[in-house]
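Engineer: Here you go, sequence then predicted model.
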Amino acid sequence: MNFIIAASSATHDASTIGGHGTFHYILIMALMMTGIYLILSRSNMIKSIIGLNLFQVAVIMFYVSMGKVEPGTAPILMAEDVPHAEHDGHHDEAHDADSHDAPPAAHSPDPKKDVELGAHTLDHSKKVTVGPTTSKVSKITYSNPLPHVLMLTAIVVGVATTALALSLVVRINEHYGTIEEDELEDKGVLI
Amino acid sequence: MIIHGITIILFLFLYVIAIVIGRSRNLFAAVMLSGIFSLISACLFVIMDAVDVAFTEAAVGAGVSTVLMMIVLNLTSDRESPPVQPKVFPLLVALLTGGVLIYATKDMPAFGDPEALIHQSQTTNHYLWHSFEESHIPNVVTTVLASYRGYDTLGETTVVFTAAVAVMLLLGHVRESETPPKLINDPIALVGAKMLIPYILLFALYVQFHGDFGPGGGFQAGVMFAAAFVLHGMVLSPKHTLKAAPALIIEKLVALGVLLYAAVGIYCLFKGGNFLEYDVLLSHGEKPNPHGQHIGILLVEAGVGLTVFAAMLTLFYKFALRGKA
Amino acid sequence: MEIVYSISAFGILFSMMLALIRAAQGPTVFDRILAVNMFGTMTVLFIGVVGYLTNRPDFLDIALVYALMNFIAIIAVLRYRDFSVDPAEEAENHEHS
């Protein structure tokens, strides 16, 4: 139910804010199109690869921009949201002991319940989903980490595939003596 | 509001660079400008709160990509032949696609809207508000990357491995060049690089292990490690670097990283958990087991870093040792 | 304090623009290399300012990566570019296009 309500309110917001709302996406789409134009219009293969890189950056930016939450900050928890910051998980056993002296806001103050954290956690997440990414517990809003994770790996895979394309270019150049598609066409290599 | 203005100016820079890249017939200039392009886009990622993405884009786009492209330009030609006739069809395709996509953005939620559907997802909220309890790692991106979405990352690491193998197959037999590449006898570059390399390696280690608490992680650290060796290879010669890091060993490390990653997953299976379920590592039976998660994430990130480092260095070797045709 | 950071951010953006013009126009290789190197330095500063502007200055290590990668890219350009070609020829070619 929550999802439907959220969706309708989101579209409503976009229409009331008007051009400002989806302005960023339009900028990104235009950038994407310069990439596509470069890939299609150039006969030089290295130029095409550069175009492909521009296109890739634009797509990544599109994903990342969808993950942005307006008053938000980077999804690395700040000290306020880190209950055991001083321990950083050095001693596992310390975890139970510590919740005695400093019960974090998100936990139940009862140390005995700490063992049943799993069930408690599940219960808690239901409460959180009513609102946006801000938790009722924390004052800080974080941007959505999920697009960042997906795009981070995409960048590294992107450079690996770029290197593959470049090695094909090197081999084509060694074999035919040119990296221009037009000249390859004239030689009857490309159909 | 100020951030909004900065964003628009940065986007304008990106357009200018894209247009200049398109118009310039000098490929050397185009490659350098594409380096700037990725630096600016990395700035935009920082503004959009994606610090880990910015980290990776700066290391990969501005660093490794530029180096590889420069080597390839050196091997082929750095001048684009003038176009035969202006092509209308690509412009038409780009305009049409762009028009459709821009029309589609009208239905999207506003930029930064906290009510947007993507932020309502239960998984996202779980990642944000419960990952610390479950793994004791403040950087949510690292936790999601290595633990919650460990399958994805294993796949991506395998893709990097596969790409490295494909490049090895394509450029496998080393063609000795008739004229050996000239050694730069520039004392400034040499002394500067010698001073920098140990610190780059140290910084790479910091990025690898501090990735749990700040921006960084295996992918970025792998690229940084490779960058140190690439710098060595560029300032002296790739053959000198081969003595320090023999290609045979580096090529095996590419596979070893993926194996380490998969082995952690299989070890979890033996301990009675699911594949890549780190909760069973060092476990006494309790369910949210931050210590196990920590160890698992550390090992997996090490595997990722190893593969990325070895793959990037192998790419550099294969391109740099190739003789001119 | 925010006003100071905003002014310096826009100042850096302005000098980025100047460097960009030089990198795009050329006319010689050396102009471009210097402009690109300068642009990289600007981005390092820019990341620092944006960190304070958005109240998360703990991401300064990103700026370190920028500086490092900028250095490596410039070394790559100097290493793999054949400078035996007369820079004047490039200027002439540029006018052609």
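Structural biologist: Okay, I see it. Numbers count the residues shown, from 1 in each chain, chains lettered A, B, ... in the order given.
Engineer: secondary structure class for the nearest residue to B:Thr143 once chain neighbours are set aside?
Structural biologist: Leaving aside its chain neighbours, B:Thr143 sits nearest to B:Ser131 (4.3 Å; criterion: Cβ to Cβ, 6 or more residues apart in numbering or on different chains). Where you see a C-beta, it was placed from the backbone N, CA and C, and this is true even at glycine. Per DSSP: H, G, I helix; E, B strand; the rest coil, the local secondary structure of B:Ser131 is helix.
Engineer: Could you show which parts of chain A are in contact with chain C?
Structural biologist: Counting by Cβ under 8 Å from any Cβ of the partner chain, chain A comes close to chain C at A:Thr73, A:Ala74.
Engineer: What ranges in chain A fall below the confidence cut-off?
Structural biologist: Along chain A, segments meeting pLDDT under 70 span A:1-20, A:83-138, A:190-191.
Engineer: Where is the longest helix in it?
Structural biologist: When chain A is parsed with DSSP state H, its longest helix is helix A:145-176.
Engineer: Next, work out how far apart the residue nearest to B:Thr143 and A:Pro145 are.
Structural biologist: Distance, B:Ser131 to A:Pro145, by Cβ to Cβ, to the nearest Å: 9 Å.
Engineer: Between the two, tell me which one has more neighbours.
Structural biologist: Neighbour tally, B:Ser131 and A:Pro145, criterion other Cβ atoms under 10 Å in any protein chain shown: the higher count belongs to A:Pro145, 28 against 24.
Engineer: List the contacts of that one.
Structural biologist: Listed by Cβ atoms under 8 Å, 6 or more residues apart in numbering or on different chains, the contact set of A:Pro145 reads A:Gly67, A:Pro75, B:Thr124, B:Tyr127, B:Leu128, B:Val140, B:Val141, B:Val144.
Engineer: ditto for B:Phe28
Structural biologist: Contacts for B:Phe28 (Cβ under 8 Å, 6+ apart) come out as B:Met70, B:Leu73, B:Asp78, C:Val29, C:Arg32, C:Val77, C:Arg81.
Engineer: That one in helix, strand or coil?
Structural biologist: Put simply, B:Phe28 is helix when judged by three-state DSSP.
Engineer: With A:Gly72 as the reference, measure out to it.
Structural biologist: Noted for B:Phe28: a distance of 40 Å to A:Gly72, by Cβ to Cβ.
Engineer: ditto for B:Arg322
Structural biologist: 47 Å.
Engineer: which parts of the longest helix of chain A are buried?
Structural biologist: Residues of helix A:145-176 classed as buried by neighbour count (16 or more other Cβ atoms under 10 Å in any protein chain shown): A:145-170, A:172-174.
Engineer: near chain B at all, the first helix or strand past it going along the chain?
Structural biologist: The helix or strand immediately downstream of helix A:145-176 is helix A:181-186, counting by DSSP states H and E. Yes - using Cβ under 8 Å from any Cβ, helix A:181-186 reaches chain B at A:Asp182, A:Glu183.
Engineer: For helix A:181-186, list the C-alpha coordinates in CSV.
Structural biologist: The C-alpha trace of helix A:181-186 is given here as CSV (Å, rounded to 0.1, in the frame of the first residue of the first chain):
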residue,chain,number,x,y,z
GLU,A,181,36.3,2.2,-40.9
ASP,A,182,36.0,4.0,-44.2
GLU,A,183,39.3,2.8,-45.4
LEU,A,184,38.6,-0.7,-44.3
GLU,A,185,35.4,-0.5,-46.3
ASP,A,186,37.3,0.6,-49.4
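Engineer: Check which helices and strands that helix is in contact with.
Structural biologist: In terms of contacts (3 or more Cβ pairs under 8 Å, 6 or more residues apart in numbering or on different chains; DSSP states H and E), helix A:181-186 is not packed against any helix or strand.
Engineer: Buried residues of that helix, list them for me.
Structural biologist: Neighbour counts over helix A:181-186 (16+ other Cβ under 10 Å) mark A:Glu181, A:Glu183, A:Leu184 as buried.
Engineer: Equivalent analysis for stretch B:198-211, please.
Structural biologist: B:Ile200, B:Phe203, B:Ala204, B:Tyr206, B:Val207, B:Gln208, B:Phe209, B:His210, B:Gly211.
Engineer: go on, stretch B:66-85?
Structural biologist: Neighbour-count burial for stretch B:66-85, counted by 16+ other Cβ under 10 Å, picks out B:66-78, B:80.
Engineer: Helices - which of the residues you listed land there?
Structural biologist: Counting by DSSP H, the buried residues of stretch B:66-85 place B:Thr66, B:Val67, B:Leu68, B:Met69, B:Met70, B:Ile71, B:Val72, B:Leu73, B:Asn74, B:Leu75 in helices.
Engineer: Pick the one among these closest to C:Met42.
Structural biologist: B:Thr66 (17.1 Å; Cβ to Cβ).
Engineer: Which parts of chain B are helices?
Structural biologist: Along chain B, the segments classed as helices by DSSP H run B:2-23, B:27-47, B:51-57, B:65-75, B:89-105, B:122-135, B:140-143, B:150-170, B:187-210, B:218-235, B:238-244, B:247-270, B:290-320.
Engineer: Determine the set of other helices and strands touching the fourth one.
Structural biologist: On a contact count with 3+ Cβ pairs under 8 Å, 6+ apart, helix B:65-75 meets helix A:45-67, helix A:145-176, helix B:27-47, helix B:290-320, helix C:60-80.
Engineer: Tell me which helix or strand in chain C has the weakest average pLDDT.
Structural biologist: Lowest by mean pLDDT, DSSP states H and E among the helices and strands of chain C is helix C:87-96, with a mean of 50.
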